[in-house]
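>>> after the sequence you'll find the predicted model.
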Amino acid sequence: MDIRALQKEIADLTAAKGFDDALNRTEALAKLALVHTEVSEATQLVKREWLDTGVSDALLRKVGIEIMDCVIRCLDFLNNIGQDGDQLFYDKMAENWARPYRYGTPYEKPDTIVPREGVLYNDPVCPSKGNAVMSPTLYAMCGFPG
């Protein structure tokens, strides 16, 4: 995945459109609120138009576009705070793979990991903790030899 390339494209767009100012606290809060706005727009589409009897391709595309607006705004925010989206993604995915089945819910199964093709790991060097089956890409991102 090349999130950095997406971040670069978004940085070019925001600069070209005049939205590349440095962030202060108020602007940071406003940008995060815009992420919430995009989620709310997707939520409203689902609430108003998603029927249990069927969903049109046109609606799915509209919802997808709103979700992509969220992604764009999130990546723009990462640009503003100088964070590498690729590294954050892989760090967070490794952490999530190391969590138990249905973590954070009443159905959580402590000390269980959902199996996944790849390599078993248990190494404190990796950003995640515990045992999990990790894909080869995440395995490499954690710095383990191939």
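Everything's here; your move.
>>> ok, the spatially most central residue of the chain to residue 43 distance?
Taking CA atoms, centre = their mean, the centroid of the chain lies closest to residue 89, which sits 6.5 Å from it. Using CB to CB, to the nearest Å, residue 89 is found at 24 Å from residue 43. No exception for glycine: its C-beta is placed from N, CA and C like everyone else's.
>>> now the helices for the protein?
For the chain, applying DSSP state H gives helices covering 3-16, 25-49, 57-80, 85-97, 136-141.
>>> pLDDT below threshold where in the protein?
Residue ranges of the chain with pLDDT under 70: 1, 112-146.
>>> map the structural domains onto the sequence of this structure.
Per automatic domain parsing, the domain ranges recorded for the chain read 3-83, 87-141.
>>> end-to-end on the longest one?
Spelled out, it's domain 3-83. Taking CA to CA, to the nearest Å as the measure, domain 3-83 stretches 11 Å from start to finish.
>>> begin at 47 from here
New numbering, starting at 47: the last item is domain 49-129.
>>> now that domain: how far from the chain's centre is it?
12 Å (CA atoms, centre = their mean, to the nearest Å).
>>> returning to that earlier point: export the helices of the chain as JSON lines, with columns for distance to residue 156.
Below are these laid out as JSON lines (distance: least, CB to CB, whole Å):
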{"stretch": "helix 49-62", "distance to residue 156": "32"}
{"stretch": "helix 71-95", "distance to residue 156": "31"}
{"stretch": "helix 103-126", "distance to residue 156": "31"}
{"stretch": "helix 131-143", "distance to residue 156": "16"}
{"stretch": "helix 182-187", "distance to residue 156": "22"}
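>>> is it true that residue 156 touches residue 146?
Yes: between residue 156 and residue 146 there is a contact under CB atoms under 8 Å: 5.6 Å.
>>> okay then, goodbye and thanks.
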